[in-house]
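*Asks:* Provided below are the primary sequence and the corresponding predicted coordinates.
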Amino acid sequence: MATDGNNVHRLEIDGKEIILIGTAHVSPKSVDEVKEVIQSERPDTVCVELCQPRYQSITDTDRWKNTDIFKIIKEGKAMLLLINLILSSYQKRLAQQFGVQPGQEMIQGINSANEVGATLCLADREIHTTMLRLWRGVSFWGKVKLLFEIILSMFDTEEISEEEMEKMKGQDMLTAALSELSRVSPKFKSVLIDERDQYLAEKIKTAPGNKVVAVLGAGHVHGIKKELYREHDLAQLSQVAPTPIITKIIGWGIPLLIIAIIASTFSVDKSAGLDQLVSWVLWNGSLSALGALIALGHPLTVLTAFIAAPVTSLNPMLAAGWFAGITEAFIRKPNVRDFENISEDIFSFKGFWRNKVTRILLVVVLANIGSSLGTYIGGAEILRRFFHTFF
């Protein structure tokens, strides 16, 4: 194995020459380096750290015009899309600071592959699969923490010098960063980094031709260099595990338990049972409505969240945020301009609330979080009144 400078790494595996280019996703120097390496090496295949949806997102500027916001809500993908948009806004701010388009080094890899007649290989795992594998392995409170940590990143206006950006490519700093991430959230690092290292390595190793250039985020290079010498099952890495049976049992068991407790209380003390019912409605409805209000939802959207939450909290197949989001979408239906402006509006905290599309997503997510909090608090209050009545 040889290294050309700090960011270009050469390996030979089973007679195939593999050249890894570690890039910073918003660095102008990375764009130039990708162009220079591909033009000088003229590889048979160029692999880029993109999946099909992300490839389309950076090559199709009109993609938002075809977005069906109602379908996103009904399929329960609002939070995943919102997180992706927030992460994009953070990357976009850094990219604007350095005067480059986010993902420009990947675009350069695509263009240079076409220029030298190389086969283009989209080597990354689909982002939706990655997010679902992460989502299924994180608790409710983990999801809330992750969401709010990402939202707080929108307030971070600290500028990073280009010199610091180049230092970010250094192996020691990256290793330290990944170790810290692993300490804070092992599942987060495992799904977003380790599994993708394995997937990328297998795609690069099996790419056609005798010389392959791979354009990668610098954070993946160290792991991929090790994973290239191992065998990986792409099908297994692409699977999304079904919801565990125990989770389904708990999901239905808690609502049934709450209904049973209220019913049993009613049987001996109608006043106490009514108090339980009122507590359930007020805690669920009020906190869900508060979430919709924080998202600056329409008054009817807030009312919908209040009415829906006490009912949807008793049915794991439904969510208050879905009803609130659909109401918001009907009342303040996004137009083409809203979809066209997403890439600009996500650049600022204010833009997220001003754009009708992202506001709908916020309504869904925050109303659901409020409803979930209401379920915990309302459920605790029902139990308190139950024990007070019977004991």
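*Replies:* Thanks, I have the structure now.
*Asks:* Show me what stretch 49-56 is in contact with.
*Replies:* By CB atoms under 8 Å, 6 or more residues apart in numbering, the residues outside stretch 49-56 that reach it are 48, 58, 63, 103, 106, 110, 122-128, 200, 214-217, 220. Glycine gets a C-beta too; all of them are placed from N, C-alpha and C.
*Asks:* next one: stretch 225-238
*Replies:* Under CB under 8 Å, 6+ apart, the answer for stretch 225-238 is 1, 9, 11, 13, 18, 20, 125-126, 129, 195, 197-205.
*Asks:* Out of the residues you listed, name the ones that lie in strands.
*Replies:* Counting by DSSP state E, the members of the contacts of stretch 225-238 that fall within strands are H9, L11, I13, I18, L20.
*Asks:* Now the buried members of the residues you listed.
*Replies:* Among the ones in strands among the contacts of stretch 225-238, those classed as buried by 16 or more other CB atoms under 10 Å are H9, L11, I18, L20.
*Asks:* any idea which helix or strand comes after the worst-scoring helix or strand of the chain on mean pLDDT?
*Replies:* Of all regular secondary-structure elements in the chain, judged by mean pLDDT, DSSP states H and E, the least confident is helix 171-184 with a mean of 45. Sequence-wise, the next helix or strand downstream of helix 171-184 (DSSP states H and E) is helix 186-189.
*Asks:* From the chain's centre, how far out is that following helix? Work that out for me.
*Replies:* Here helix 186-189 shows a centroid-to-chain-centroid distance of 13 Å under the convention CA atoms, centre = their mean, to the nearest Å.
*Asks:* One more: stretch 214-225?
*Replies:* 20 Å.
*Asks:* Same question for stretch 313-331.
*Replies:* For stretch 313-331, the separation from the chain centroid amounts to 21 Å (computed by CA atoms, centre = their mean).
*Asks:* low-scoring stretches of the stretch 101-250 of the chain, by residue?
*Replies:* 101-102, 137-186 (pLDDT under 70).
*Asks:* 80 - rerun?
*Replies:* Along the stretch 101-250 of the chain, the parts satisfying pLDDT under 80 run over 101-103, 131, 134-189, 241-244, 246-248, 250.
*Asks:* Which parts of this protein are strands?
*Replies:* Taking DSSP E as the criterion, the chain contains strands spanning 2-4, 8-13, 16-23, 45-48, 119-122, 211-217.
*Asks:* so which of these gets nearest A295?
*Replies:* Checking the strands of the chain against A295 by CB to CB gives strand 211-217 as the closest, at 31.9 Å.
*Asks:* Tell me which residues are up against that closest one.
*Replies:* For strand 211-217, the external contacting residues (CB under 8 Å, 6+ apart) are 16-25, 34, 37-38, 41-49, 105-106, 108-109, 118, 121, 123, 200, 204, 224.
*Asks:* ok, now stretch 298-316?
*Replies:* 248, 251-252, 255, 258-259, 280-281, 284-289, 291-293, 297, 318-324, 327-328, 331-332, 363, 367, 370-372, 374-375, 378.
*Asks:* sorry, back to before: which stretch among the strands of the chain comes nearest I83?
*Replies:* Of all these, it is strand 211-217 that lies closest to I83, at 18.0 Å by CB to CB.
*Asks:* domains for the protein, by residue range?
*Replies:* Under the assignment named as automatic domain parsing, the residue ranges that make up the domains of the chain are 2-91+100-237, 245-390.
*Asks:* So which of these is the most surrounded?
*Replies:* Sort these by mean neighbour count, taking mean count of other CB atoms under 10 Å, and domain 245-390 sits at the top with a mean of 19.
*Asks:* Return the distance of that one from the chain's centre.
*Replies:* For domain 245-390, the distance between its averaged C-alpha position and the chain's averaged C-alpha position is 22 Å (CA atoms, centre = their mean).
*Asks:* which residue lies farthest from the center of this protein?
*Replies:* Most distant from the centre of the chain: V268, at 48.2 Å, with distances by CA atoms, centre = their mean.
*Asks:* OK, contacts around that one?
*Replies:* By CB under 8 Å, 6+ apart, the contact list for V268 reads T389, F390.
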